[in-house]
Every structure is written in structure tokens, then in C-alpha cells.
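Novice: Okay, here's the prediction I keep looking at, along with the sequence it came from:
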Amino acid sequence: MNRKAFLLGFFSIGAQILIIRELIAAFHGDELFIGTALFGWLIAVALGAWLWELILGRIKATALFVIAIAILPVDLILIRFSPLLFVDSILQTVPFTKAALISIVLSIPVGFISGALFPAITHEGHRPAKSVSRVYLFEGFGAFIGGLVVTALVGKVFDNLGMAIAISIVTLIYSMIGNGRKSIAVASIALAVLLIAVFFYTPSLSRYTETKKYFPFELVDSFETPYGHQAILKNQEVTSLITDNAIEGSSPDIQTAENLMIPALAFKPDAENVLIIGRAEFGAGEIARKFPNMKVTAIDPREGLNHRLDRALEKSPRVIRINDDPVGYLLSHDTYTPYDIIIIAPSEPDNILYSRYFTGRFLSLCCKVLAPDGLLYVPTMYDTDRYVSPETAQLLSVIYKTLHHWFRCIDIWPGNTTGFLASGADLFELYNEQIFDRIDSLPYQAEYLNRYYLEDQLDSFRRERIWNAIDTTVQANAIEKPILMPYHAVYSSLTLGSDESIMRFLFANKFVLWIVPIIIFALFFLTYFKGIKHQTFGLFLFFTAGLLSLSLELVSVYLYQTMAGTVYSDIGLLFGAFMFGLALGTWYALRCEAPNLEFPSLLLLITISFIFLWSYATIPYSILLLYYILFLFVTGTATGTLFVAAAGRYYFGRADANRGKGYAIEIFGSAIGALLAVPVLLPLVGLSVLLISLMAVAALALIGAYKTS
């Protein structure tokens, strides 16, 4: 039983990570699909755990492992091609409603079998409360190891498909062998041989699927990084870098390169030290060649891209690559030569990775390394060339408000890529004719952003129209309340049919603020008053454990990504700390067998949440990782203890009880947290209100536990 429980955790966390990675890669890196995918996965796990005894009771754990292992690689391939169900080209944007539906549906098959495995394994034990808690313990240990293994290997040794096959082989072999040393040794040798075969042969399978997926483009290269899926495509003479099925850059693309560089150079024509947040291979480096004294530094953490792009594109001698996360680099960077220009390369702020660039913390870091008369330039994807829609005006207003807090002077260039220019010096008090003369005198002669084009783009009517649309009373985007992401989701929905009503329903009507407490109080009163209160209230404790643990886990990951900037490389340590704490809390609770363990565990969750809310903004960068590891470890420990306490309450004296029911309720709570905590509630109510609300749920559970004890 213990080994199978360990393998359940090992396989489940690996499958979950790989499915989420594949979904994000399929749908343009949008992190909203983490919430929807986790919701689908967790609901499926809950249903599988609840229904096993009702409809699957004759299927044993080993058979369920075989089914799950057979489904996982097929599921990943289906996700890879799923956008083509709704669009003609893999590079087109799939409407959010349809993409969310895909992310939920394709998370269900493996999730359902994983959920069914939990009660199937517990039935190999005897006493329900003891066996349920014991399986939870070893599942936690397995998830800890599995999370570390997958995070360490995927994108470095195996791609998603290869990693799926690898963890499937490990799970299959060790779930079927006996306990003897000889059989374990033989199985380990066979496993090593099979993993070597996977390493050498699955890249060919992945490349074949990628060739079919990107047809009719020529696939030059396709690979995984720890940050997402990359492909290099060629269409006639144009070479494009594809990141998570979206075009990140193309070469040659002179117009995009000029939009990236020329507006900033119009106000700083003598700039020598330029910093680009993003890649510089797609034209910026070529423009920099024409400036004899210019040095361009480009920051991007995807070191694996460098040599692959060098094979596909000519490398510019003017570009210095920094293989680091921009937040981490600026936090640790002390420069004797400040940057004259900082350019935040255009990207959609629809996820944490990019929206964090529009926060006070990141802008303050930019100010630290920017020359006193330096310039920050932000070209956006928002079109104000002919018309400024209310949704566009809202987004531009938020960006303006956020920038204006840190920069005294701001100018906005209208166009199909509206640009913000910000500085602490009076750089922008120039007539249009002076701007045109400066651009004409640059060593690089612009082909698109020349005098004739800019005379139309920068005319007084267009400038006045965009300034009149800016609302200075809006809130700025902030770490504590990232409103830019939902505003962008509403903006994107306008061109995608049914998405508009869904996005407005989620973020404009704020109905979620009423639905969440209704669900919580309904479950509280149902479990408080029904039947034997001591037993049935255990179900609310299960729900509380799931809701609080996953909400706090996702909030901490969001904050670490925003404040430290290295969550993708450290996510294995963060999740591992939580799962290790979960397993340790479960082990301690089982070992000490003390009564009413729900009291200290709920008090610990309230205390650690309060300390986190009070201290997260003051932690030095040098100890951020340690701080979040400790927070997640303690959260996991409290959750594991609370689970055992809930199991002791609910299953006490009920040998015939459904052993998957409590686990299913806990997973249901986790599903609610995954779907709503960070994607919806954080932008709507802010971090402080969200954490205080979670503490209130824990306090409600504490009061109910005391009254029913």
C-alpha cells in the first residue's frame, strides 16, 4: 500500500505539471489556463475519489495505474493539436471560452483515474481513518519527489512528451514488481535501459508531431525550455521564433524593429548604453550596428535559445546577452554606467510573467539603473491609430497611471503599437518638426518610421484624442492588486465572439464576490447541523484544508514570481517544500494520535497567513527563496495535520464509509482555490482582502470545530 501511495503522488504531480505546461504552450503562455486546468484536474480527482466505490470498486489499483499511464501521453498529444479544433492555424488565438473548455476537458481523464487510485489504495489497508491518512502521507512524499524530478528534468533532459513516457515507465514498473531485493534490482536495471531509449527516441516522435502541427511552415527547430515551448519556423525568407504558439519575433521585420528602437532614439539620439527587456535578435541588434558608440544589453532567462537562434539568424556584435530573469538581474545589478534607454519589449500583459513589468517594484528597479536624463520606452500592442475604444482607453490609463508614479514626464505616441515614453527629465518638449529632424539625422535611415509616416501618426488630432482618452483617476497596476491582467482579458475578448460576455461577467459584475462565501457558508451549515455533528463537520475541515492550502500556495507563487522573478527555475523547490511539509504534518499527526489536532493546525494556518501578510513586502531579495520555502513548508505541515484531524473525525467508527469522500471534498476545496484565488479574486479585491478572507475561513472552521467537538 505504501509504495503504491508513493507512486500515486509521484505520477499525479508529474502528470499535472506536464498537462499544465502543454496547455500553456498550446494557448500562448496565458497563465489563466493554470487556474482552469487545475480546476478541471481537481474536480476530476474529486469525482474519481468519490465514485470509485460506487462504479469502479472492482478495478484494482494496479489496473488503474496501467490505464492512467496509457492515457497520459495520448492526452498530451491531443492538447498539442487541440487549438486546431477552433482555428485554421496553430498560431491563431483561440477564444478564451473554448480554450478554457479544452483545458478543463483534457485535464479530466488522467485526473479522474488519479482520484480513483486514492480510495483503491486505501482499501488495501484496514481501518478507514488510518489507511486514508497513511495513503495521504505517502502520496505527499511521492509528490515531493515527483515535483523535484519533473522540474529538474523537463526542458533540460526530456521534453514534455518524453517526460510523460519516462514517469509512466517508472510508475508502471514499480507498481507491478514484488518487494524482494532481486526483483527491485532487475526492475531498476530494466528501467535504466528504457529511460535511455526514451531519451534518444522520443525527440523524433515530438519533432514529427511538431512538423504536423506547424504545417505548412517549415520547422527549423522545436524544443522545450524550463519556461515554455519554443519553435523556430521558416516561411520563404522569414524566420520566426514561436513561443507557446505565438510569434515572439520575426526576421527580417524592419517595421517592428523600428517601432522598438526609433521612438526612444528620437529623444535620446546620442544613447550609448541601451537595455532591452527581451530578445534583441529580431532587428534591434541590426539597427544598433549603425550606431558606432551604442551597446545593447538584452535580458532573457532562456539561455537555451541562444545557440539555436545563432544557427538560424545572424548574430549582431552590438548585442550583449544576459541569461537571467529581468527582475532578478535588476535587483542584483549595480552599474557604474547607467542605461540611457530601457526598452520593455512588446508583449501582452495577460500573465504574471509580463504584467509584473507594469508594477511599482519593477519600475523602481528600472529607475535605479537608468541615467538621470534616461528614458524608459514601452511599445504596447494596443492600436490607437484610427480609434480609441473604451477598453483600450482603460488599459492605457492603467499603464499611464503606473508609469506616472515613477516618472515625472510621459509622452504617448499613437499608432497601431501605441508607445509610452517616460523620463525624469524634460525630454519630450519638442515640436514634431524637431523630432523628424532628429530621426533624419540618425546614423540609421528609417524605412517605415520616417518623416512622411510620422507626420500622419503624430498629428495634433491623434495626440489630443489619445490624451483625452486617458483617465488619470484609475488605479495603478500593483503587485497587491494586478488589475492589468483582467483588463487585458476583457480587451482581448472583443475580437473573440462569446468571450466578451464571459470576461465581463467575471471581472465587471464581480459576481464571484458573492458566490464564494455562499458556497463556504452553505457547506459549513450543512456539515454543522446534519447528523452527528462531530463526524459530519469533518467534511468542512477537509474542504478548508484544500481551499486554504492551494490558495496560499498559488498566492505565494504569484508573489515570488513578481518580486523575485525566478519562479520557473525555483518552482520545484517551492512546490517541494509544500509537499514535504504536507507529508511531515501527516506523519506527525498519525504518529502522535493526539485528539483535536484541528485546533493547532487551524491556528497555525491563521498565524502563518497573518505573518505572511505583515512581512512579505519587507523581505530582502537575498533571502526571498528561503522565506517562501519556509512559508510553504509550514503551510503544508498545517494542511497535512488538518487532513488527519478531519479524517479522524469523519471516519471514526465508520468502517463501511466511502474512503474517497473526504479526499474528494478536500480536492473540491482545492479546485475552488485554483480557479478563483489568483486569477479572479486577487485582481478584484487585492492581496490584503484575499488573505484576510482566507484567515476568516480558517477562523470559521475553528469555531465550528470547537462547537462540534
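Specialist: That came through fine.
Novice: Can you spell out the domain ranges of this structure, please?
Specialist: Domains of the chain are assigned by automatic domain parsing as 1-209, 249-479, 510-709.
Novice: So for residue 221, which of those sits nearest?
Specialist: Closest approach to residue 221 among those (C-beta to C-beta): domain 249-479, 5.3 Å. C-beta coordinates here come from the backbone N, C-alpha and C atoms, glycine included.
Novice: can you give me how far that closest one is from the chain middle?
Specialist: Relative to its chain's centre, domain 249-479 lies at 25 Å (C-alpha atoms, centre = their mean, to the nearest Å).
Novice: Quick one: mean pLDDT for that domain?
Specialist: If you average the pLDDT over domain 249-479, you get 85.
Novice: First-to-last residue distance for that domain?
Specialist: Taking C-alpha to C-alpha, to the nearest Å, domain 249-479 runs 28 Å from one end to the other.
Novice: Quick check: end-to-end length of stretch 446-464?
Specialist: First residue to last in stretch 446-464 (C-alpha to C-alpha) measures 26 Å.
Novice: Specify the local secondary structure of residue 220.
Specialist: strand (DSSP: H, G, I helix; E, B strand; the rest coil).
Novice: For residue 378, see how far away it is.
Specialist: Look at residue 220 and residue 378: by C-beta to C-beta, to the nearest Å, they are 31 Å apart.
Novice: Let me see the contact set for residue 487.
Specialist: The neighbourhood of residue 487, defined by C-beta atoms under 8 Å, 6 or more residues apart in numbering, consists of 391, 394-395, 398, 507.
Novice: between those residues, which is nearest residue 123?
Specialist: Set against residue 123, the nearest of these by C-beta to C-beta is residue 507 (44.3 Å).
Novice: Residue 220 and residue 378: which is more packed in?
Specialist: More crowded of residue 220 and residue 378, by other C-beta atoms under 10 Å: residue 378, with 23 against 15.
Novice: May I have the beta-bridge partners of the residue nearest to the more buried one when sequence neighbours are not counted?
Specialist: The shortest distance from residue 378 to any non-neighbouring residue, by C-beta to C-beta, 6 or more residues apart in numbering, is to residue 420 (4.4 Å). For residue 420, the residues forming beta bridges with it (DSSP bridges) are residue 378, residue 412.
Novice: I'd assumed residue 407 was in contact with residue 420.
Specialist: No: shown here, residue 420 and residue 407 do not form a contact pair, counting by C-beta atoms under 8 Å, at 9.3 Å.
Novice: Identify the contacts common to those two.
Specialist: residue 376.
Novice: returning to what we had before: would a markdown table of the domains of the chain with distance to residue 485 be doable?
Specialist: Formatted as a markdown table, those follow (distance: least, C-beta to C-beta, whole Å):
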| stretch | distance to residue 485 |
| --- | --- |
| domain 1-209 | 8 |
| domain 249-479 | 5 |
| domain 510-709 | 6 |
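Novice: Quick one: the helices in the stretch 201-350 of the chain, in order.
Specialist: Along the stretch 201-350 of the chain, the stretches classed as helices by DSSP state H, counting those that start in this stretch are 254-267, 284-289, 304-312, 326-332.
Novice: What of the stretch 351-500 of the chain?
Specialist: Counting by DSSP H, counting those that start in this stretch, the helices of the stretch 351-500 of the chain are 352-355, 360-369, 390-404, 432-440, 451-457, 460-469, 484-493, 499-507.
Novice: Helix 254-267 and the fourth one, what's the angle between them?
Specialist: Read it as helix 432-440. 120 degrees (axes from the mean of the first three to the mean of the last three C-alpha atoms, to 10 degrees).
Novice: which strands and helices sit next to helix 432-440?
Specialist: For helix 432-440, the contact count by 3 or more C-beta pairs under 8 Å, 6 or more residues apart in numbering; DSSP states H and E identifies helix 254-267, helix 451-457 as packing neighbours.
Novice: Pick the most buried one from those helices.
Specialist: helix 254-267 (a mean of 23; mean count of other C-beta atoms under 10 Å).
Novice: For residue 49, find the nearest of the helices of the stretch 351-500 of the chain.
Specialist: helix 499-507 (28.4 Å).
Novice: Give me the next element, helix or strand, following that closest one.
Specialist: Next helix or strand after helix 499-507 toward the C-terminus (DSSP states H and E): helix 512-529.
Novice: now that following helix, how far from the chain's geometric center?
Specialist: Distance of helix 512-529 from the chain centroid (C-alpha atoms, centre = their mean) equals 28 Å.
Novice: which helices and strands sit right next to it?
Specialist: Secondary-structure packing of helix 512-529 (3+ C-beta pairs under 8 Å, 6+ apart): helix 533-563, helix 661-676, helix 682-685, helix 687-708.
Novice: For the ones you listed, give me a markdown table that also has distance to residue 305 and mean neighbour count.
Specialist: Shown next, in a markdown table, are the helices and strands packed on helix 512-529 (distance: least, C-beta to C-beta, whole Å; neighbours: other C-beta atoms under 10 Å):
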| stretch | distance to residue 305 | mean neighbour count |
| --- | --- | --- |
| helix 533-563 | 20 | 24 |
| helix 661-676 | 30 | 26 |
| helix 682-685 | 31 | 20 |
| helix 687-708 | 33 | 18 |
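Novice: Among the helices of the stretch 351-500 of the chain, which comes closest to residue 69?
Specialist: That would be helix 352-355 among the helices of the stretch 351-500 of the chain, by C-beta to C-beta, at 31.9 Å.
Novice: helices or strands next to the closest one in the packing?
Specialist: Counting by 3+ C-beta pairs under 8 Å, 6+ apart, helix 352-355 packs on helix 484-493, helix 533-563.
Novice: mean pLDDT lowest for which of those?
Specialist: For those, where the average pLDDT is lowest is helix 484-493, sitting at a mean of 76.
Novice: roughly how far is that one from the heart of the chain?
Specialist: Chain-centre distance of helix 484-493: 16 Å, with C-alpha atoms, centre = their mean.
Novice: Also stretch 97-107?
Specialist: Chain-centre distance of stretch 97-107: 16 Å, with C-alpha atoms, centre = their mean.
Novice: and it, which residues are buried?
Specialist: 97-104, 106-107 (16 or more other C-beta atoms under 10 Å).
Novice: pLDDT on that stretch, on average?
Specialist: Stretch 97-107 shows a mean pLDDT of 83 in the predicted model.
Novice: Dump that stretch to CSV, keeping only the CA atoms.
Specialist: Output in CSV follows, covering the C-alpha atoms of stretch 97-107 (Å, rounded to 0.1, in the frame of the first residue of the first chain):
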residue,chain,number,x,y,z
THR,A,97,-14.1,30.2,-23.6
LYS,A,98,-13.1,27.5,-26.0
ALA,A,99,-9.5,27.3,-24.7
ALA,A,100,-10.7,27.1,-21.1
LEU,A,101,-13.1,24.3,-22.1
ILE,A,102,-10.3,22.4,-23.7
SER,A,103,-8.1,22.9,-20.6
ILE,A,104,-10.8,21.5,-18.3
VAL,A,105,-11.9,18.6,-20.5
LEU,A,106,-8.4,17.3,-21.4
SER,A,107,-7.4,17.5,-17.7
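Novice: All further residue positions should be reported with the first residue as 32.
Specialist: Noted, 32 is the first residue going forward, which turns the last one into stretch 128-138.
Novice: low-scoring pLDDT stretches of the stretch 32-181 of the chain, where are they?
Specialist: For the stretch 32-181 of the chain, residues meeting the criterion pLDDT under 70 lie at 32, 60-64, 84-89, 155-161.
Novice: so who does residue 273 touch?
Specialist: With contact taken as C-beta under 8 Å, 6+ apart, residue 273 is in contact with 122, 245, 261-264, 279.
Novice: Out of the helices of the stretch 232-381 of the chain, the one nearest residue 413 is which?
Specialist: helix 285-298 (12.8 Å).
Novice: and the closest one, what does it pack onto?
Specialist: Under the contact definition 3+ C-beta pairs under 8 Å, 6+ apart, helix 285-298 sits against helix 315-320, strand 370-375, strand 401-410, strand 450-454, helix 463-471.
Novice: Tabulate the ones you listed (a markdown table), appending distance to residue 192.
Specialist: What follows is the helices and strands packed on helix 285-298, written out as a markdown table (distance: least, C-beta to C-beta, whole Å):
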| stretch | distance to residue 192 |
| --- | --- |
| helix 315-320 | 34 |
| strand 370-375 | 34 |
| strand 401-410 | 36 |
| strand 450-454 | 40 |
| helix 463-471 | 49 |
